[in-house]
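Undergrad: only geometry, no sequence info:
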C-alpha cells in the first residue's frame, strides 16, 4: 500500500483484511468443502449445521460463507451455489454482517429461553429479500438447558425457508438431542506447513520482508489457528518496523532458540543438572519465558519419541535442521521408557510453572526431576542390578552419569534384594518419577499402616480433595466430571469440557494415595449425570423461573420495565430469622406494658 493511500485509509488488522469470503479462500478445511460441494450439487441441503473446532480455525467465517452460498443469486444463477467467485446480489451484505435475513447471535450473551422464544416467534415469517432466513448462533454451547429444549421442536421441523448454522468450541456441552438434528463439521487445526505458506503469501501482498524461520515460529505459536497466526504476524510487523526476523519474533513471544532447546534436552537426558540449570538461566536472561521453554522441551520430547516410529516425522515444515538431525540421533539412542518419563514430568511441570508466582525456580525444580529421572533404571534393570549386588539408584544399566551430589551406598551381600541400606536416600527417586520403589519391610517395631479411607459418594470425594487442599482437582471434579457410576474403589465418569490430558491418571493416583487403596478410574461413553456446576446452574435457573412466576415479583417487574431477576436467595428460618413479635412481649402471659 502506498504511503499516500495509507494516510487516508483506516488501518485494518490482517485478521480482518484477509478474512476469507468464499470457500476457495478457506485453508486447511478441504474435507468440509468437498462434502458441501457434493451436497449442494445433489440438492441435499441440510436444515441445520454444526461447526465445531478450536478458536480461530474459521467457524464464524465459514458460517457467513455458508449463509452466502445458501442465498446466492446473480443475473445468471438463482440457486444455492458453492462457487462464489462472482459476488451475488446478497453477498456483500452477508459478508459484512448486515443482511436483514441473516441474523447472527452470540449465545454467550443471549443464553436464556426468552432469547430463543424471540427466534422461534420470528421463524414463522418468510425472509424479506433472500431465499432463506439464516440464523447463525455462535458459541451455542452457552445456551441454557431450557433454551436448548425450546429450540428442539423448531430445529426438528423448521419451515422450508429457515436454516440454522451453529458454531461452538465446546461440542461436548451441546446436548445430543441437538447434535442429532444437525449436519456436523469438525473444522481441523491448520497444519503448520500450510500456515507458513499462507503467511508467506500475505507477506508478499503486504510487501513485508519476512524470513522463513520467522514465519515458522509464528505458525508454531499459532497452534493451528489462522486468526492467531495473523494476529501474531501483525504484531511482528509492528515490532520489527515492517521487517519480520526470527530473533524479533522470539523476543516478542518469549521463545528460546530451537537449537538451545535441543542443547537443553541433551543436558537433561545425560543427567547433567549443572549444565541444564545453567542453560535455562541463560535462556531466561535472554528473554525466554520458563513456561514456554519447558513447553518447547516437551514438544521436542514428543518429536523424538514420534521419530522412533514414524519416519516422516522429520518432514514437518516448522522443524529446523538442528531439530531434524539431533532428533534422529536422540531417537536412536534413547529408550521409549526414558522419553515417556520425561514427557510425564514435563506435562505436570508446565502446569506447575504456569501456576507459580516464581516461574524460574519452579522450572529449575522441573529440570532437577527430569535429570534425576533420566538416570533411573527401568524395573527390569533395577532387579538385575540388585541381583548383581549393585545399587540401582546410582545410574542406569547403560552407565549413564549420576547427577552431581547424589550419594551412593553399596548393597551388602547379606542384605535381601529389594531392601534399602541405612544410608541410602529415601523418597527422592520415587518423587522424581522412578518406576522402581524400594521400601524397608515392615516389622513389629515399624510404623502402623494408615487405615484405608472409604468413600461412599462422589460428593465425599470432592470433600476429600478440599480436605487435602487440592483446589485444582476439586475444581476439575466439579466442572469437568459427569458421574456415570461410583463405588468404593471404582469410578466411572464422562468427561465434560477440556480438562488437562493427565487428569484421569492424576485422579487415580491421588485417590490411591489418599484412600490407601487402588482405584479404577474409567472414562465412559455414557452421558452420565450433569456436572455439579451444571446442576447448580440449573437449580439457579429453576429458582429464577419460580420467582418470576410469583405474583409479587411479577407485579414488581411489570411496574419497573427493563428490570431483571439477577439472583434468588432462599433464606431459611434459623438463628438469623426475624424474631417472633409474640416472644418479644416480656414474660409468658404478659403484654409487655406497665400497669
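TA: Nice, I can see it. Every value quoted in this text rests on a predicted model; they were computed, and no experiment measured them.
Undergrad: strands of the protein, residue ranges please.
TA: Assigned by DSSP state E, the chain shows strands spanning 48-52, 102-106, 133-138, 162-168, 183-186, 209-210, 243-244, 481-487, 490-495, 520-523.
Undergrad: in TSV, list those strands along with mean pLDDT.
TA: Shown next, in TSV, are those (pLDDT from 0 to 100):
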stretch	mean pLDDT
strand 48-52	93
strand 102-106	90
strand 133-138	92
strand 162-168	93
strand 183-186	91
strand 209-210	89
strand 243-244	86
strand 481-487	87
strand 490-495	87
strand 520-523	86
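Undergrad: what's the pLDDT at residue 519?
TA: If you check residue 519, the pLDDT there is 84.
Undergrad: for it, grab the count of nearby residues.
TA: Applying other CB atoms under 10 Å, we find 19 residues neighbouring residue 519. Where you see a C-beta, it was placed from the backbone N, CA and C, and this is true even at glycine.
Undergrad: is it in contact with residue 511, as I believe?
TA: Yes: contact criterion CB atoms under 8 Å: residue 519 and residue 511 qualify, at 4.0 Å.
Undergrad: picking that back up, to residue 536, which of the strands of the chain lies closest?
TA: Set against residue 536 and scored by CB to CB, those come closest in strand 481-487, at 13.8 Å.
Undergrad: tilt between that closest one and strand 490-495?
TA: In terms of direction (axes from the mean of the first three to the mean of the last three CA atoms, to 10 degrees), strand 481-487 departs from strand 490-495 by 160 degrees.
Undergrad: mind listing what's buried in stretch 225-241?
TA: Buried residues in stretch 225-241, counted by 16 or more other CB atoms under 10 Å: 225-237, 239-240.
Undergrad: for residue 305, state which of those residues is nearest.
TA: Among the buried residues of stretch 225-241, residue 225 lies closest to residue 305 (CB to CB), at 24.9 Å.
Undergrad: that closest one and residue 302, how far apart?
TA: 19 Å (CB to CB, to the nearest Å).
Undergrad: any weak-confidence spans in the stretch 401-550 of the chain?
TA: Scanning the stretch 401-550 of the chain for pLDDT under 70 picks out the ranges 401-452.
Undergrad: for it, what spans make up the helices?
TA: For the stretch 401-550 of the chain, the helices defined by DSSP state H, counting those that start in this stretch occupy 428-431, 458-467, 471-480, 503-515, 532-549.
Undergrad: closest one to residue 278 among the ones you listed?
TA: Nearest to residue 278 among the helices of the stretch 401-550 of the chain is helix 428-431 (21.9 Å), distances taken as CB to CB.
Undergrad: still on that earlier bit, mutual contacts of residue 519 and residue 511, please.
TA: Common neighbours of residue 519 and residue 511 (criterion: CB atoms under 8 Å, 6 or more residues apart in numbering): residue 491.
Undergrad: and for the closest residue to residue 530 other than its chain neighbours, the neighbour number?
TA: Distances taken as CB to CB, 6 or more residues apart in numbering put residue 482 closest to residue 530, at 6.4 Å, once the chain neighbours are dropped. Neighbourhood size, residue 482 [other CB under 10 Å]: 19.
Undergrad: got it, and residue 266?
TA: 16.
Undergrad: quick one: it from residue 10, how far?
TA: For residue 266, the distance to residue 10 equals 50 Å [CB to CB].
Undergrad: give the buried residues for stretch 246-258.
TA: Going by neighbour count (16+ other CB under 10 Å), the buried part of stretch 246-258 is 246, 247, 248, 249, 250, 252, 253, 254, 255, 256, 257, 258.
Undergrad: figure out how far that stretch is from the centre of its chain.
TA: Centroid separation for stretch 246-258 versus its chain: 24 Å, with CA atoms, centre = their mean, to the nearest Å.
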